[in-house]
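1. got a predicted structure plus its sequence, pasted below:
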Amino acid sequence: MPALAVLTWLQILLSIASPVWGVGLGLFGVLALAAGWSRLGTHRGYRHVAVFWLVSLLGVGATLAHESLRNPSVLTERDGTGGHQLVVENENTLNPGDRFVSVRILQAAGQDTPRVRATLFVEPSTERVPPGALIEVTGSLLSTSAMDATAWRVFASNHTVIQPSSWWQAGADRMRERFLERSLAQGGDGGALLPGLALGDTTGVSESLEADMRTVSLAHLVAVSGANCALVVGIAVALTALLGGGVRTRLVVGVFTLVGFVILVTPEPSVIRAAVMATIALAAIAWGRPSQGMAVLSLTVWVLLLADPWRAVEFAFVLSVAATAGIVLGLRPMAGALTRVMPAWLAWWVALPLVAQLAVQPIIVLLRPTLPLYAIPANVLAAPFVPAVTISGLVGSVSSGAWPWLSWQAAAIGWWPSSAIAAIARSTARAPVAELPWFHGVAGVLAAAALSTVVWWAIWRRRIAVAGLGAMIVIIATVVTSSAPQIVARLARPAQWQIAQCDVGQGDALALRTSRGVLVIDTGDDEHLLRACLAVLGVSKVEWLLLSHFDRDHVGQSAVFHSRADTVLTGSPDNAEDLSRLADLEQSGATIRHLRAGQRVDLGDYTLHVLWPSDQPLAKPGNDSSLVVWLEPHQPEGVSMVALGDLGEKTQSMLRSRLPEDPIDVVKVSHHGSADQSRGLYRDVGAPIALIGVGADNDYGHPASSLTGFLDSLGTHVLRSDQRGTLTLHRGESGVIELWSERGG
């Protein structure tokens, strides 16, 4: 079964990347097997290979079939266009303030579609919509890449619920909502984290706590997993046995409990994997044929991949399978090896998170290219509290309607272990060198795989010292090599830089160095790129963090500045999510200062002038309510700049009368260089340099060629982050503004 599951997975991956190659390799294998049949057909090993190969070809067929289901003609004909009527069914709860949710497209232009997976992007929701509701959407469609588990993105201009959720989905959602309210009422990190740990509901989890949990590899605890399912089913089966239930009765009770738990926590990828695996295991036991864990996992993977081949590229599913495989294969030998240096009970305790971390680290680096140094200690410390949290959440949710007093008590009891886990995450994330830089992409995967392999091999051979030495060599070599470009860039970067533009992909992040410290304007939404830029600039702490507005491509990585920013300058928040973001920063020690047009901030040898928004906010918050600032230097050698946020053309026209009369050296182009610009504004500014923060090969067509052509006609030198990387500007001794960039030119 493991060989079949792996072979099927590889066939599916190849077929997703290139259907022609997938089919071609499959047929080549069939022809090769047919050619060797006359000579090797009686050989047992040959027959096994033949069977495995032929059965794995089901993966190719399933992939090709699902490809047509992912891209029905009614959608492909409308790809990249807007104004379409769709009917979708949401798969997760759409909470107030949410901007996106996973959905299934059921209809397009009045035609039925085969439940196509998509992500629905909406204006911040004002109501809670339980899973299973039918939503009518007017908006635009954009297809994703073949390697994306979700086939489409839907950008809604408006949406309306046309059919409520089924009674059982709505009932489960009410349970989650009531328990969330009672947990949040307990206060602190413990109350916010409890629903996430127990039910996977991270609505109340602050961005700073979520970031700390990612830093020390505890984020998996807020994704309901096989451990939660096993605990719940185990309790149900044990109680049934105590009451005299037979094996078949325990099977029925276990399956019904599992189904109810999946409905309660919603069918996330890890939950589906755990539920199917648990069902197969229970059935095998009930029929007197208990199976090994790896065989059950492999059969589960094979079935789920054939049911939906695009699970093969879904990170949550891949991580769940990898962690489970690591535990099944490595827990016993790892614990046995560790007993040579520690007591047996501690060896088993440490072995569980260690084997899981070794199994998933090569995959995690694709999402977060760092090496968490305290992952194992943090997970070892948190493990004893997880069962109490799971039980509290289950009891508190199920009893929330019929026995509110019990639900309150469960939330109060669950607060204690939840707070302990939060405290572990907070303290370990702030310990010195909590994580090390790592390669990203394929190089990072290979380096992490080498690290895991070295440790696995050495411990398997019971050579603990060799494991430690080998791991140290791989880590040092990788960290030094991966950090080399940043070190070289920092050494090459002019020491006297004044203005910097960070390459953070499709987003904005600027920095200004003053006599009193550093001002950072926006953060982008790529943590790795932002941290790399700060390392190149030599910035570890900032005096001011200015958030122009609250779109994620401008503020998505504000958590990077927790405990690293003295003052946060911001406009008016739009919703509860924005308020939570500011509360996180304030809790980390920052002072929050709200700005409006006409105000000034003393930056030492610079003055920050707020040009927009006015005291009368626009009816619609967002881009047109961006903070627009003029950075005025006090000395002739300073570099002046106007940063336009994401203002559109109409608002830019209103801003023209507020522009300073003094000459401007640099303009930060609005909205990543979109076509929605006021040409008159850029003529009035007359800056010789324009900065555009934009991601390479973005889906928005930024920057618009019409805008860059117009700026060229004005004699403005356009500097794009996708072409230049991180760059700096400063006025040289001759009075000319000098440019340095990572990529030269």
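-> Received the coordinates, thanks.
2. the helix or strand hosting Ile12: which residues count as buried?
-> Using DSSP states H and E, Ile12 maps to helix 2-17. For helix 2-17, the neighbour count (16 or more other C-beta atoms under 10 Å) marks Pro2, Leu4, Ala5, Leu7, Thr8, Trp9, Gln11, Ile12, Leu13, Leu14, Ser15, Ile16 as buried. Using the backbone N, CA and C atoms, a C-beta is placed for each residue, glycine as well.
3. contact partners for the first one?
-> Same thing as Pro2. Counting by C-beta atoms under 8 Å, 6 or more residues apart in numbering, Pro2 makes contact with Met294, Ala295, Ser298.
4. and if you look at the second one?
-> When contacts are counted by C-beta under 8 Å, 6+ apart, Leu4 is found next to Phe52, Val55, Ser56, Ser298, Trp302.
5. follow-up on the earlier one: quick check: mean pLDDT of the helix holding Ile12?
-> The average pLDDT within helix 2-17 is 86.
6. please apply the same query to stretch 425-434.
-> Per-residue pLDDT values over stretch 425-434 give a mean of 86.
7. quick one: terminal-to-terminal distance for that stretch?
-> End-to-end span of stretch 425-434 (C-alpha to C-alpha, to the nearest Å): 11 Å.
8. just to revisit the earlier point, what's the ChimeraX syntax to select whichever of the contacts of Leu4 are buried?
-> Written as a ChimeraX command, the selection of buried residues from these, which uses 16+ other C-beta under 10 Å, is:
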select :52,56,298,302
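9. sitting in helices, which of the contacts of Leu4 do you find?
-> Counting by DSSP state H, the part of those found in helices is Phe52, Val55, Ser56, Ser298, Trp302.
10. low-confidence ranges, the stretch 151-300 of the chain, go.
-> Scanning the stretch 151-300 of the chain for pLDDT under 70 picks out 226, 282, 284-291.
11. what segments of it are helices?
-> 167-184, 188-199, 207-215, 226-242, 247-265, 269-286, 293-307 (DSSP state H, counting those that start in this stretch).
12. what's the closest of those to Ser68?
-> With C-beta to C-beta as the criterion, Ser68 lies closest to helix 293-307 of these, at 15.8 Å.
13. could you list the buried residues of the closest one?
-> Judged by neighbour count (16+ other C-beta under 10 Å), helix 293-307 contains these buried residues: Ala295, Val296, Leu297, Ser298, Leu299, Thr300, Val301, Trp302, Leu304, Leu305, Leu306.
14. can you lay out those residues as CSV showing distance to Gly83?
-> As requested, the buried residues of helix 293-307 are arranged in CSV below (distance: C-beta to C-beta, whole Å):
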residue, distance to Gly83
Ala295, 52
Val296, 49
Leu297, 46
Ser298, 47
Leu299, 46
Thr300, 43
Val301, 41
Trp302, 42
Leu304, 37
Leu305, 37
Leu306, 37
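15. how near is Thr257 to Val466?
-> Here the criterion is C-beta to C-beta, to the nearest Å. By it, Thr257 lies 45 Å from Val466.
16. surely Val433 is within a strand?
-> No. Going by DSSP: H, G, I helix; E, B strand; the rest coil, the assignment for Val433 is coil, not a strand.
17. and it, how far from Tyr374?
-> 9 Å.
18. any idea which helix or strand comes after the helix or strand harbouring His609?
-> Using DSSP H and E, His609 sits within strand 606-612. Next in sequence after strand 606-612, counting helices and strands by DSSP H and E, comes strand 628-633.
19. report the inter-axis angle for that next one versus strand 606-612.
-> Counting by axes from the mean of the first three to the mean of the last three C-alpha atoms, to 10 degrees, strand 628-633 lies at 160 degrees to strand 606-612.
20. tell me which strands strand 628-633 pairs with, and in which orientation.
-> In the sheet, strand 628-633 lines up against strand 606-612 (antiparallel), strand 641-643 (antiparallel) (DSSP bridges).
21. hmm, back to that, more crowded one of Thr257 and Val466?
-> Thr257 (21 against 15; other C-beta atoms under 10 Å).
22. poorly predicted segments of the stretch 451-600 of the chain, please.
-> Within the stretch 451-600 of the chain, the ranges that satisfy pLDDT under 70 run 462, 464.
23. what ranges do the helices span in it?
-> Using DSSP H, counting those that start in this stretch, helices in the stretch 451-600 of the chain cover 464-492, 527-537, 552-555, 576-587.
24. quick one: the longest one to helix 527-537, angle?
-> Our comparison of helix 464-492 with helix 527-537, counting by the same axes, to 10 degrees, yields an angle of 60 degrees.
25. skipping adjacent residues, who's closest to Ser515 in space?
-> Of all residues not flanking Ser515 in the chain, Gly604 sits nearest, at 3.6 Å (C-beta to C-beta, 6 or more residues apart in numbering).
26. pLDDT wise, what is that neighbour at?
-> 93.
27. so is it in a helix, a strand, or just coil?
-> coil.
28. can you list phi and psi of it for me?
-> Dihedral pair for Gly604: phi 90, psi -110, per degrees, to the nearest 10.
29. looking at the strands paired with strand 628-633, which is closest to Leu358?
-> Proximity to Leu358 (C-beta to C-beta) singles out strand 641-643 among the strands paired with strand 628-633, at 45.1 Å.
30. next helix or strand past the closest one?
-> Sequence order places helix 649-655 as the next helix or strand after strand 641-643, per DSSP H and E.
31. so which other helices or strands are in contact with that following helix?
-> strand 606-612, helix 679-685 (3 or more C-beta pairs under 8 Å, 6 or more residues apart in numbering; DSSP states H and E).
32. so how far is it off the chain centroid?
-> Centre-to-centre, helix 649-655 and its host chain are 34 Å apart (C-alpha atoms, centre = their mean, to the nearest Å).
33. in that helix, which residues are buried?
-> Glu649, Thr651, Gln652, Met654, Leu655.
34. just to revisit the earlier point, ok, Val433 and Tyr374, which is more surrounded?
-> More crowded of Val433 and Tyr374, by other C-beta under 10 Å: Tyr374, with 22 against 7.
35. so who does the closest residue to the more buried one other than its chain neighbours touch?
-> The spatially closest residue to Tyr374, leaving aside those adjacent along the chain, is Thr428, at 4.5 Å (C-beta to C-beta, 6+ apart). If you count contacts by C-beta under 8 Å, 6+ apart, Thr428 has them with Thr215, Val216, Tyr374, Pro377, Ala378, Ala434.
36. buried sites along the host helix or strand of Thr428?
-> In this structure, Thr428 is located in helix 404-429 according to DSSP H and E. Buried residues in helix 404-429, counted by 16+ other C-beta under 10 Å: 407-415, 417-422, 424-425, 428-429.
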